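[1] here's my sequence, what's the structure:
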Amino acid sequence: MAKRSRQTTVPGSERLPVVGAKKVGKVPADETVEVTVRLRRAAKFDVRKVLARRSTRAMTREELASRFGASAEDAAIVKDFAREYGLAVGEVDLARRSIVLHGTAAAMQKAFGVKLTAYRTRDQVRFRQRKGGVKAPAKVQSVIEGVFGLDDRPQAHPHFRARQGSGRFKAHAAAQDFTPPALARLYGFPKSRGAGECIALVELGGGYDAGEMKTYFQGLGITPGPTLNAVSVDGAHNAPEGDPNGDDGEVVLDIQVCGAIASGATIDVYFAPNTDRGFLDAVTRAIHDPQTTVVSISWGGPEESWTAQMRAAMEDAFQEAAALGIPVFVAAGDDGSGDGVNDGKNHVDFPASAPHAIACGGTHVTTKNNSIGSETVWGPPGKGGATGGGFSRYFARPPWQKGIVTGGGNKRGLPDVAADADPDTGYRILVDGTRTTFGGTSAVAPLWAALLAVCNAKARKHPGFLLPSLYGAPAAFRDITSGSNGSFAAGPGWDACTGLGSPVGTKLLAAAW
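    Numbering: from 1, shown residues only. Predicted coordinates:
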C-alpha cells in the first residue's frame, strides 16, 4: 500500500471548545458523518472589478459558474482523496464549489486528522466537537478553501424577541403593535404585491403550518397569499415544534412579515441544520437557485464564535450574490453593542458583519395621525433587548462606507439600514395557534427583503448591486438621531445603531432603480 501524504492544518479551520458544554464521551466509530468540502475557484474572482464592469447588468448564474466556479480537475483531486480514506462522494456542485463526502466517524477522523468527541449543550442538544484545525495533504489543501460538518455544534441564534404575554420580556407602558402592511404604509413602500419575485428565507430550525399561514394572510384580507415552498438542505425540513417562543417563532415571523407585504411573491424557505455546514449550504443554495431575487437571514452569532474559514466562505457567497444582483439582508442582532458576549467589550454579529451583507438594525416607532410620530434607536440594553451594531474585528471597511462611516479603526461598520424592531412596537403574528407580538432585528431583515421585492416588481427591473446605491441616497432614509444600543449613540447621518436609517420606500425606489 502506498504511503499516505503528510497532513497539515487547513488555514482558518481552528476552532475553540463550546463554553459550558458537557462531555458525553467518544463519538461511536460507526456513526455516519457528512461534510461539505468547499473548492477554490477556477479563476481569480476580484469582486470590485466584477462589480465595476456590471454597473448596468448583473452577472448571470451561467456566467458566474463558467468563469468563477470550481474546476472538474480540482474536484477529481478531492474525490481521489476521499476514496483513499474510504469516504463516499455525494453531490458535486461545481457552480457552488462544493463536494459532499460521507463516511464513518472513524474514517473521517483519519482522513482529516481530527478527534471527534460527543458533547451536550446546556439545553441537552448532543453534538460532535473537534478542538483545533482540520488537516489534509498538501495536494488537497491546494484546491480547497474549507471543510464543514465534522464539528456540528449549534452555531447560530434566531434574532427575534417576544413582547410580554409571550413569556420573555416586559413591555413598556406605551406599547403598541403593527401588522406588517401597516408598517409598510408608514415607511412609504410602493404599492406593489411583488409579483414575479422570489424571496429566499434561511432557517436553521423550526417550521410552519401551511394552514395557519393561510389563516393569517386571510385575516389581513390577503387572498391569495404568497406561494410558500419548503426547501430541504442537508436533511433538514419544515418541522414545526409547537413552541411559539422557539424556532417556530423565527420561521413564522420571517414568512408573515415578508409575505404580508410582498403577497404576490414566491417565498422559498430553506430549512438547514443549525451548524456551520448547514448555514453555508443553505445560503449558497438560495443564492444559486435561478428563481431567487432577494435573500433574508435572521440568524447569527458573535463574530468570534465562527471559524475564519466560515467567515471567509460566507462573505465569499455574499460577494457572489452581489455580482448576481441579489441583495442579502441579515439581522444585526438583538443584544446591543456587546452582542450578548458579556465581557464588557464591544462585539458585532456575523454574518451581518460581512461587508457584502446588508446588515439590518432596529428602531422603536411611535405613530401620530397615521404617520410616524417619532423613531428612535431600539435600546439601550437591559430593557428587553437592543439593536446590534458597531464595528467588525475581521472585515475592512468597504469602499461604499468610506467618507460616510467614521470611527472603528477603518473596519466595516454596521448596521447599514434599520426599521422597527422593538417588541413593544412590534409585529402582530400568528404562530402555533397563538396570536402575539414579536420584534427583534429578525423582523427587519424580511421587512427590507419585502421592500426590495415590491420595488423590483414596481420598476420591472432589478437595481444590480444595491449597497453603493443605498449609501449614495441619503434622502431615501429617515435619519434616526436619538437613542443608543449601549456603547454607541445615534446622531445625524450613519451611526452604529441604525446605520443610514429607516426606509422611505418611494424615495428609495426613485434613487436606486
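[2] residues near the closest residue to residue 246 other than its chain neighbours, how many?
    With CB to CB, 6 or more residues apart in numbering as the criterion, residue 246 has its nearest non-adjacent residue at 6.2 Å, and that residue is residue 206. (C-beta placed from N, C-alpha, C; glycine too.) Residues near residue 206, counting by other CB atoms under 10 Å, number 23.
[3] so how far is the lengthiest helix in the chain from its chain's centroid?
    When the chain is parsed with DSSP state H, its longest helix is helix 441-459. Its chain's C-alpha centre and that of helix 441-459 lie 15 Å apart, by CA atoms, centre = their mean, to the nearest Å.
[4] and the longest strand along the chain, average pLDDT?
    Longest strand in the chain, counting residues (DSSP state E): strand 358-368. Strand 358-368 shows a mean pLDDT of 97.
[5] does the residue nearest to residue 246 count as helix, strand or coil?
    Assigned with DSSP: H, G, I helix; E, B strand; the rest coil, residue 206 falls in the coil class.
[6] and it, how far from residue 274?
    10 Å (CB to CB, to the nearest Å).
[7] for the longest strand of the chain, packing partners?
    strand 176-178, helix 180-186, strand 328-331, strand 371-377, strand 417-420, strand 425-431, helix 441-459 (3 or more CB pairs under 8 Å, 6 or more residues apart in numbering; DSSP states H and E).
[8] output the below-cut-off pLDDT ranges for the stretch 201-350 of the chain.
    The model of the stretch 201-350 of the chain has no residue with pLDDT under 70.
[9] residue boundaries of the helices in it?
    Taking DSSP state H, counting those that start in this stretch to define them, one finds helices in the stretch 201-350 of the chain at 210-219, 247-261, 276-288, 308-324.
[10] same for the shortest one, what does it pack against?
    For helix 210-219, the packing partners by 3+ CB pairs under 8 Å, 6+ apart come out as helix 247-261, strand 425-431.
[11] could you dump these to CSV with mean neighbour count?
    Formatted as CSV, the helices and strands packed on helix 210-219 follow (neighbours: other CB atoms under 10 Å):
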stretch, mean neighbour count
helix 247-261, 27
strand 425-431, 25
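[12] let me have the ones you listed in a markdown table, adding distance to residue 295 as columns.
    Below are the helices and strands packed on helix 210-219 laid out as a markdown table (distance: least, CB to CB, whole Å):
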| stretch | distance to residue 295 |
| --- | --- |
| helix 247-261 | 11 |
| strand 425-431 | 20 |
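[13] between those, which gets nearest to residue 365?
    Closest approach to residue 365 among the helices and strands packed on helix 210-219 (CB to CB): strand 425-431, 4.8 Å.
[14] which residues sit against the closest one?
    For strand 425-431, contacts defined as CB atoms under 8 Å, 6 or more residues apart in numbering pick out 161, 163, 175-180, 183, 212, 215-216, 219, 244, 248-249, 252-253, 256-257, 364-366, 420, 435-439, 443.
[15] need the buried ones from those residues selected in PyMOL.
    In PyMOL, the members of the contacts of strand 425-431 classed as buried (16 or more other CB atoms under 10 Å) are selected with the following command:
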select buried, resi 161+163+175+177+178+179+180+183+212+216+244+248+249+252+253+256+257+364+365+420+436+437+438+439+443
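[16] how far off centre is the longest strand of the chain?
    19 Å.
[17] now do stretch 150-169
    14 Å.
[18] buried sites along that stretch?
    150-163, 166, 168-169.
[19] my guess is residue 388 meets residue 485, correct?
    Yes: assessed by CB atoms under 8 Å, residue 388 is found in contact with residue 485 at 7.0 Å.
[20] any residues in contact with both of these two?
    In contact with both residue 388 and residue 485: 336, 337, 361, using CB under 8 Å, 6+ apart.
[21] could those go into JSON lines alongside neighbour count and distance to residue 202?
    Listed next are the shared contacts of residue 388 and residue 485 as JSON lines, based on neighbours: other CB atoms under 10 Å; distance: CB to CB, whole Å:
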{"residue": "336", "neighbour count": "27", "distance to residue 202": "24"}
{"residue": "337", "neighbour count": "25", "distance to residue 202": "25"}
{"residue": "361", "neighbour count": "35", "distance to residue 202": "19"}
